[in-house]
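1. predicted model and sequence below, questions to follow.
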Amino acid sequence: MLAVLVLVVALGTGGYLVYSKWGANPGCQGAVAGCTRVFFLGNSYTSVNDLPYVFAALAWSGGHRVDTAVIAPGGWSLVDHAGDPDTRATLSASHWDWVVLQEQSEVPAIESDRQRLMYPGARELVAAVRAAGAQPIFYETWGHEGGWPSAGMPDYHSMQTAIDDAYDFIAREQGAPVAPVGRAWAEIVNSDPTPGLWQGDGSHPTAKGTYLAACVLYAATFHESPVGLGYHQWISGADAAEAQAAAADVVPGLPASANRP
């Protein structure tokens, strides 16, 4: 196994930009064939449990070389990233194949916040990403375990529906794909009485939740099923298989035979 090579640069925003070759994934340096470069823009839903690490390791188990970068200060919305000079500098610093756009967890659930924060930020970022020659992809997140009662969403499902609606709208408007992590989350919640996806705060993902997000991103970016991939560090084989199957079920365009082993 190759050693992990990481360059961490402190940003003025208080976040970190990380260029990495993750574990056994040799990354793009010296690649003579295809290699995928993915830039993650988000907040703690991206940084907790290190989603870029898990995605790259999972990708290598499927035979894909990957380099990643991430800017994910806690609590940031897409409009914060749109106004951040480090985001623009990073977009122009390398050729990116994909730029993952993750909105703050509660903003998509409230119509006024969508109009004020999510949609303007998304529109500006999508334009910048495409101008840099990359493909934007929206990382649809999940509702709180107990919903958001004070905002009129009494349970998880009502909040998830609102979040789904927001991502569907902006993705259709911008002609951009969605990595439907929230929908895969709902699939597991609907079928498993102990889904094990939320941390104790009822918001942030466990290692299983992050692995599920990586599986969905794998399916959505490589257009391949994650079912049967061998990498599942930090979670059990059974949890990995459940996450892989849920991801394959919700990502459109996969071969029909890919959904189950």
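-> Received, thanks. Numbering: from 1, shown residues only.

2. measure L254 to L117 for me?
-> The gap separating L254 from L117 is 32 Å, by CB to CB, to the nearest Å. All C-beta atoms are positioned from the backbone trio N, CA, C, and that covers glycine.

3. what of L51?
-> 22 Å.

4. those two: who's more crowded?
-> Ranked by neighbour count (other CB atoms under 10 Å), L51 and L117 place L51 first, with 27 against 20.

5. any idea how far N190 is from the more buried one?
-> From L51 to N190 the distance is 23 Å (CB to CB).

6. where does the stretch 151-261 of the chain dip in pLDDT?
-> Applying pLDDT under 70 to the stretch 151-261 of the chain flags the ranges 256-261.

7. going along the chain, name the helices of it.
-> Secondary structure of the stretch 151-261 of the chain by DSSP state H, counting those that start in this stretch: the helices cover 156-174, 181-191, 207-222, 237-250.

8. go through these and pick out the most buried.
-> helix 207-222 (a mean of 26; mean count of other CB atoms under 10 Å).

9. between it and helix 237-250, how big is the angle?
-> Angle, helix 207-222 to helix 237-250, by axes from the mean of the first three to the mean of the last three CA atoms, to 10 degrees: 40 degrees.

10. and helix 207-222, what does it pack against?
-> For helix 207-222, the packing partners by 3 or more CB pairs under 8 Å, 6 or more residues apart in numbering; DSSP states H and E come out as strand 36-41, helix 51-61, strand 135-139, strand 178-179, helix 181-191, helix 237-250.

11. can you say which of the ones you listed is nearest to T210?
-> helix 51-61 (5.4 Å; CB to CB).

12. most centrally placed residue in the protein?
-> Nearest to the mean C-alpha position of the chain, by CA atoms, centre = their mean, lies Y139 at 4.5 Å.
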